[in-house]
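# Predicted model, plus sequence, below.
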Amino acid sequence: MKVLKTAKEVREHYRVSVLRNPGFVPTMGALHEGHLSLVGRATGSCRMTAVSIFVNPTQFNDPDDLLKYPRTLDADLQMLSGVLRENDFVFVPSVEEIYPEPDTRRFDFGDLERVMEGAHRPGHFNGVAQVVSRLFDIIRPSCAFFGQKDFQQLTIIRELARREYPKTEIIACPIVRESDGLAMSSRNRRLLGHHRERAGEIYRTLVAASAMLADFEIPEIREFVTDRINMIPDFRLEYFEIVEQDTLKPVRARIGMSPEKKYYGCIALRAGDVRLIDNMEFGLQ
Ligand code: PAF
(Lines give C-alpha, C1' and ligand atoms only; values in the text may rest on other atoms or scores of the structure.)
Protein backbone atom coordinates (compact mmCIF):
# COMPACT_ATOMS: atom_id res chain seq x y z
CA MET A 1 0.00 0.00 0.00
CA LYS A 2 1.10 3.58 -0.66
CA VAL A 3 0.71 6.54 1.66
CA LEU A 4 -0.07 9.70 -0.32
CA LYS A 5 -0.35 13.22 0.99
CA THR A 6 -1.37 15.42 -1.93
CA ALA A 7 -3.81 15.46 -4.84
CA LYS A 8 -0.78 15.59 -7.13
CA GLU A 9 0.58 12.36 -5.63
CA VAL A 10 -2.84 10.72 -6.14
CA ARG A 11 -2.86 11.73 -9.84
CA GLU A 12 0.70 10.41 -10.24
CA HIS A 13 -0.28 7.13 -8.55
CA TYR A 14 -3.20 6.70 -10.98
CA ARG A 15 -0.86 7.37 -13.91
CA VAL A 16 1.79 4.88 -12.78
CA SER A 17 -0.54 2.10 -11.68
CA VAL A 18 -2.78 2.51 -14.79
CA LEU A 19 -5.80 2.12 -12.52
CA ARG A 20 -8.14 4.86 -11.35
CA ASN A 21 -11.64 5.39 -9.91
CA PRO A 22 -11.00 3.23 -6.83
CA GLY A 23 -13.42 2.05 -4.20
CA PHE A 24 -13.14 4.70 -1.50
CA VAL A 25 -13.42 4.57 2.30
CA PRO A 26 -13.27 8.07 3.81
CA THR A 27 -12.39 8.11 7.53
CA MET A 28 -11.20 10.42 10.26
CA GLY A 29 -8.78 7.77 11.53
CA ALA A 30 -8.70 6.12 14.98
CA LEU A 31 -9.61 3.04 13.01
CA HIS A 32 -11.48 0.05 14.43
CA GLU A 33 -13.14 -3.14 13.19
CA GLY A 34 -16.04 -1.12 11.81
CA HIS A 35 -13.69 0.75 9.46
CA LEU A 36 -11.96 -2.50 8.55
CA SER A 37 -15.30 -3.98 7.52
CA LEU A 38 -15.74 -1.04 5.08
CA VAL A 39 -12.21 -1.55 3.77
CA GLY A 40 -12.93 -5.30 3.38
CA ARG A 41 -16.04 -4.49 1.33
CA ALA A 42 -13.97 -2.16 -0.87
CA THR A 43 -11.06 -4.56 -1.45
CA GLY A 44 -13.53 -7.40 -2.02
CA SER A 45 -15.30 -5.59 -4.86
CA CYS A 46 -12.87 -3.03 -6.35
CA ARG A 47 -9.56 -3.49 -8.16
CA MET A 48 -8.11 -0.52 -6.29
CA THR A 49 -9.04 0.79 -2.85
CA ALA A 50 -8.34 4.21 -1.37
CA VAL A 51 -8.76 5.02 2.32
CA SER A 52 -8.51 8.62 3.52
CA ILE A 53 -7.57 9.65 7.03
CA PHE A 54 -8.40 13.28 7.67
CA VAL A 55 -9.88 14.86 10.78
CA ASN A 56 -12.01 17.46 9.08
CA PRO A 57 -12.13 20.69 11.12
CA THR A 58 -15.15 22.12 9.27
CA GLN A 59 -17.55 19.44 10.52
CA PHE A 60 -16.88 20.03 14.23
CA ASN A 61 -19.29 22.54 15.70
CA ASP A 62 -17.62 22.09 19.10
CA PRO A 63 -13.91 23.12 19.16
CA ASP A 64 -13.34 20.94 22.25
CA ASP A 65 -14.64 17.89 20.37
CA LEU A 66 -12.18 18.59 17.53
CA LEU A 67 -9.33 18.97 20.01
CA LYS A 68 -10.14 15.72 21.78
CA TYR A 69 -10.87 13.67 18.67
CA PRO A 70 -8.54 10.64 18.86
CA ARG A 71 -5.57 10.74 16.48
CA THR A 72 -3.70 7.46 16.06
CA LEU A 73 -2.08 7.70 12.63
CA ASP A 74 0.77 5.22 13.17
CA ALA A 75 -1.56 2.53 14.51
CA ASP A 76 -4.05 3.26 11.69
CA LEU A 77 -1.41 2.81 8.99
CA GLN A 78 -0.19 -0.35 10.68
CA MET A 79 -3.73 -1.74 10.67
CA LEU A 80 -4.30 -0.81 7.02
CA SER A 81 -0.98 -2.30 5.90
CA GLY A 82 -2.41 -5.68 6.93
CA VAL A 83 -5.43 -5.42 4.61
CA LEU A 84 -4.55 -3.12 1.69
CA ARG A 85 -2.85 -4.41 -1.47
CA GLU A 86 0.10 -3.09 -3.41
CA ASN A 87 -1.81 -0.64 -5.58
CA ASP A 88 -4.17 0.47 -2.83
CA PHE A 89 -3.42 3.70 -1.04
CA VAL A 90 -4.05 5.70 2.08
CA PHE A 91 -4.63 9.41 1.50
CA VAL A 92 -3.43 11.46 4.46
CA PRO A 93 -3.76 15.11 3.43
CA SER A 94 -2.97 18.20 5.50
CA VAL A 95 -5.67 20.77 6.27
CA GLU A 96 -3.99 23.10 3.71
CA GLU A 97 -4.20 20.41 1.02
CA ILE A 98 -7.96 19.99 1.49
CA TYR A 99 -8.70 23.67 2.16
CA PRO A 100 -6.06 25.81 0.39
CA GLU A 101 -8.55 28.61 1.01
CA PRO A 102 -11.39 28.73 3.53
CA ASP A 103 -14.31 26.74 2.13
CA THR A 104 -17.24 29.13 1.98
CA ARG A 105 -19.61 26.81 0.11
CA ARG A 106 -23.05 26.40 1.65
CA PHE A 107 -24.90 23.17 0.93
CA ASP A 108 -28.64 23.06 1.42
CA PHE A 109 -30.05 19.63 2.21
CA GLY A 110 -33.45 20.96 3.21
CA ASP A 111 -35.38 18.90 5.74
CA LEU A 112 -32.72 16.19 5.73
CA GLU A 113 -30.44 18.45 7.77
CA ARG A 114 -33.05 20.02 10.02
CA VAL A 115 -33.52 17.02 12.34
CA MET A 116 -31.36 14.99 14.74
CA GLU A 117 -27.62 15.61 14.17
CA GLY A 118 -28.40 18.57 11.92
CA ALA A 119 -30.51 20.22 14.61
CA HIS A 120 -28.07 19.44 17.44
CA ARG A 121 -24.80 20.14 15.62
CA PRO A 122 -25.29 23.32 13.56
CA GLY A 123 -23.05 23.39 10.48
CA HIS A 124 -21.97 19.77 10.91
CA PHE A 125 -23.40 18.45 7.66
CA ASN A 126 -22.18 21.46 5.72
CA GLY A 127 -18.68 20.54 6.88
CA VAL A 128 -19.22 16.88 5.99
CA ALA A 129 -20.43 17.85 2.50
CA GLN A 130 -17.45 20.19 2.04
CA VAL A 131 -14.88 17.53 2.88
CA VAL A 132 -16.60 14.66 1.08
CA SER A 133 -16.88 16.73 -2.09
CA ARG A 134 -13.20 17.77 -1.85
CA LEU A 135 -12.19 14.16 -1.29
CA PHE A 136 -14.41 12.91 -4.14
CA ASP A 137 -12.89 15.56 -6.46
CA ILE A 138 -9.38 14.33 -5.63
CA ILE A 139 -9.99 10.56 -5.44
CA ARG A 140 -12.71 10.32 -8.14
CA PRO A 141 -14.09 7.08 -6.72
CA SER A 142 -16.33 4.67 -8.64
CA CYS A 143 -17.96 3.81 -5.33
CA ALA A 144 -17.66 4.97 -1.73
CA PHE A 145 -18.39 3.01 1.42
CA PHE A 146 -20.08 4.52 4.48
CA GLY A 147 -21.14 2.95 7.76
CA GLN A 148 -24.82 2.89 8.69
CA LYS A 149 -23.99 4.02 12.21
CA ASP A 150 -23.90 7.56 10.82
CA PHE A 151 -27.40 7.07 9.49
CA GLN A 152 -28.23 10.71 8.74
CA GLN A 153 -24.78 11.34 7.25
CA LEU A 154 -25.36 8.43 4.88
CA THR A 155 -28.67 9.93 3.69
CA ILE A 156 -27.07 13.33 3.20
CA ILE A 157 -24.11 11.90 1.30
CA ARG A 158 -26.47 9.94 -0.95
CA GLU A 159 -28.20 13.24 -1.71
CA LEU A 160 -24.85 14.98 -2.36
CA ALA A 161 -23.82 12.16 -4.72
CA ARG A 162 -27.19 12.22 -6.48
CA ARG A 163 -26.77 15.93 -7.19
CA GLU A 164 -23.04 16.26 -7.84
CA TYR A 165 -21.37 12.84 -8.20
CA PRO A 166 -23.84 10.66 -10.13
CA LYS A 167 -21.02 8.36 -11.24
CA THR A 168 -20.06 7.49 -7.66
CA GLU A 169 -22.12 4.73 -6.12
CA ILE A 170 -22.71 5.13 -2.38
CA ILE A 171 -22.62 1.81 -0.57
CA ALA A 172 -24.05 1.50 2.95
CA CYS A 173 -22.38 -1.01 5.27
CA PRO A 174 -23.94 -2.47 8.42
CA ILE A 175 -23.03 -1.29 11.92
CA VAL A 176 -20.32 -3.39 13.56
CA ARG A 177 -20.96 -3.90 17.28
CA GLU A 178 -18.91 -4.89 20.31
CA SER A 179 -19.96 -8.12 22.09
CA ASP A 180 -22.30 -6.15 24.42
CA GLY A 181 -23.94 -4.43 21.45
CA LEU A 182 -22.17 -1.06 21.65
CA ALA A 183 -21.79 0.29 18.10
CA MET A 184 -18.10 0.58 17.22
CA SER A 185 -16.94 4.17 17.05
CA SER A 186 -13.64 6.03 17.21
CA ARG A 187 -15.08 7.92 20.15
CA ASN A 188 -15.53 4.74 22.24
CA ARG A 189 -11.88 4.80 23.20
CA ARG A 190 -12.51 8.05 25.06
CA LEU A 191 -15.15 6.46 27.31
CA LEU A 192 -14.20 6.17 30.97
CA GLY A 193 -14.16 2.57 32.26
CA HIS A 194 -17.42 2.82 34.21
CA HIS A 195 -19.16 4.54 31.27
CA ARG A 196 -17.94 1.87 28.88
CA GLU A 197 -19.30 -0.83 31.22
CA ARG A 198 -22.82 0.66 30.97
CA ALA A 199 -22.68 1.63 27.28
CA GLY A 200 -24.11 -1.70 26.07
CA GLU A 201 -27.35 -0.39 27.57
CA ILE A 202 -27.74 1.89 24.53
CA TYR A 203 -28.12 -1.09 22.21
CA ARG A 204 -30.37 -2.97 24.66
CA THR A 205 -32.57 0.12 24.96
CA LEU A 206 -32.94 0.33 21.17
CA VAL A 207 -33.82 -3.38 20.97
CA ALA A 208 -36.45 -3.00 23.73
CA ALA A 209 -37.84 0.20 22.18
CA SER A 210 -38.19 -1.41 18.76
CA ALA A 211 -40.14 -4.31 20.32
CA MET A 212 -42.49 -1.76 21.96
CA LEU A 213 -43.64 -0.53 18.56
CA ALA A 214 -46.15 -3.40 18.37
CA ASP A 215 -48.08 -2.25 21.47
CA PHE A 216 -47.15 1.29 22.40
CA GLU A 217 -47.51 4.75 20.91
CA ILE A 218 -44.47 6.80 19.83
CA PRO A 219 -44.51 9.26 22.79
CA GLU A 220 -44.54 6.27 25.20
CA ILE A 221 -41.57 4.72 23.42
CA ARG A 222 -39.71 8.03 23.52
CA GLU A 223 -40.41 8.39 27.22
CA PHE A 224 -39.15 4.85 27.84
CA VAL A 225 -35.89 5.54 25.96
CA THR A 226 -35.38 8.89 27.70
CA ASP A 227 -35.91 7.42 31.17
CA ARG A 228 -33.80 4.35 30.57
CA ILE A 229 -30.80 6.30 29.25
CA ASN A 230 -31.02 9.13 31.79
CA MET A 231 -31.19 6.56 34.60
CA ILE A 232 -27.58 5.55 33.89
CA PRO A 233 -25.27 7.73 36.01
CA ASP A 234 -23.57 10.45 33.86
CA PHE A 235 -25.56 9.48 30.73
CA ARG A 236 -27.77 12.17 29.21
CA LEU A 237 -30.04 11.65 26.21
CA GLU A 238 -29.74 14.30 23.49
CA TYR A 239 -32.48 12.94 21.24
CA PHE A 240 -34.33 9.83 20.27
CA GLU A 241 -36.36 9.88 17.07
CA ILE A 242 -38.07 7.26 14.95
CA VAL A 243 -37.63 8.50 11.40
CA GLU A 244 -38.62 7.40 7.94
CA GLN A 245 -35.58 6.02 6.10
CA ASP A 246 -35.30 8.23 3.03
CA THR A 247 -36.91 11.49 4.14
CA LEU A 248 -35.71 11.33 7.79
CA LYS A 249 -39.15 12.65 8.70
CA PRO A 250 -39.77 11.97 12.41
CA VAL A 251 -42.78 9.75 13.12
CA ARG A 252 -45.14 11.22 15.72
CA ALA A 253 -47.85 8.51 15.75
CA ARG A 254 -47.98 4.88 14.63
CA ILE A 255 -50.97 5.67 12.45
CA GLY A 256 -48.64 7.71 10.24
CA MET A 257 -46.41 4.69 9.53
CA SER A 258 -46.66 2.71 6.31
CA PRO A 259 -45.85 -1.02 5.99
CA GLU A 260 -44.19 -0.19 2.66
CA LYS A 261 -41.60 2.09 4.25
CA LYS A 262 -38.60 1.49 6.47
CA TYR A 263 -38.14 3.28 9.78
CA TYR A 264 -35.13 3.71 12.04
CA GLY A 265 -34.88 4.54 15.72
CA CYS A 266 -31.97 6.99 16.06
CA ILE A 267 -30.37 8.00 19.33
CA ALA A 268 -27.72 10.49 20.46
CA LEU A 269 -26.50 10.88 24.00
CA ARG A 270 -23.59 11.88 26.15
CA ALA A 271 -21.78 9.40 28.34
CA GLY A 272 -19.76 11.76 30.53
CA ASP A 273 -18.32 14.15 27.94
CA VAL A 274 -18.30 11.64 25.08
CA ARG A 275 -21.05 11.97 22.50
CA LEU A 276 -22.36 8.70 21.07
CA ILE A 277 -24.91 7.91 18.36
CA ASP A 278 -26.57 4.69 17.29
CA ASN A 279 -29.60 3.51 15.32
CA MET A 280 -31.60 0.43 14.48
CA GLU A 281 -34.35 -0.48 12.08
CA PHE A 282 -37.76 -0.21 13.76
CA GLY A 283 -40.13 -2.46 11.83
CA LEU A 284 -43.92 -2.51 11.99
CA GLN A 285 -44.75 -6.10 13.04
O1 PAF B 1 -17.90 9.49 9.06
C2 PAF B 1 -16.80 10.08 9.14
O3 PAF B 1 -15.82 9.54 9.65
C4 PAF B 1 -16.66 11.48 8.58
O5 PAF B 1 -17.81 12.21 8.79
C6 PAF B 1 -16.26 11.50 7.11
C7 PAF B 1 -17.32 10.89 6.21
C8 PAF B 1 -14.94 10.75 6.91
C9 PAF B 1 -16.04 12.94 6.64
O10 PAF B 1 -15.06 13.59 7.40
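That came through fine.
# for this protein, which helix is longest?
Taking DSSP state H as the criterion, the chain has its longest helix at helix 124-139.
# Now do the SS call for residue 239.
strand (DSSP: H, G, I helix; E, B strand; the rest coil).
# Excluding chain neighbours, what is closest to it?
Distances taken as Cβ to Cβ, 6 or more residues apart in numbering place residue 268 nearest to residue 239, at 5.4 Å, with adjacent residues excluded. C-beta here means a position set from N, CA and C on the backbone, and glycine is covered the same way.
# What are the neighbouring residues in contact with the residue nearest to residue 240 when sequence neighbours are not counted?
Nearest residue to residue 240, sequence neighbours excluded (Cβ to Cβ, 6+ apart): residue 225, at 4.3 Å. Counting by Cβ atoms under 8 Å, 6 or more residues apart in numbering, residue 225 touches 205, 206, 209, 237, 240, 265, 267.
# and residue 225, how far is that from residue 3?
Going from residue 225 to residue 3 by Cβ to Cβ, to the nearest Å gives 43 Å.
# Equivalent analysis for residue 282, please.
From residue 282 to residue 3 the distance is 42 Å (Cβ to Cβ).
# Quick check on those two: which one has the bigger neighbour count.
Each of residue 282 and residue 3 has its neighbours counted (other Cβ atoms under 10 Å); residue 282 has more, 22 against 14.
# you'd agree the residue nearest to residue 240 is in a helix?
Yes - Residue 225 sits within a helix when classified using three-state DSSP.
# okay, it: pLDDT?
Per-residue pLDDT puts residue 225 at 98.
# cool, and residue 283?
On pLDDT, residue 283 comes in at 87.
# Surely it is in contact with residue 263?
Yes - the criterion here is Cβ atoms under 8 Å, and residue 283 meets it with residue 263 at 7.2 Å.
# Who are the contact partners of residue 170?
143, 144, 146, 154, 157, 158, 161.
# of all these, which two lie farthest apart?
Across the contacts of residue 170, no pair lies farther apart than 143 and 154, at 13.7 Å, counting by Cβ to Cβ.
# Look at residue 283 and residue 263 and report which has more neighbours.
More crowded of residue 283 and residue 263, by other Cβ under 10 Å: residue 263, with 21 against 13.
# bridging residues for that one?
residue 244 (DSSP bridges).
# From the ligand, how far out is it?
Noted for residue 263: a distance of 22 Å to the ligand, by Cβ to the nearest ligand atom, to the nearest Å.
# Test my guess that that residue contacts residue 281.
Yes - between residue 263 and residue 281 there is a contact under Cβ under 8 Å: 7.1 Å.
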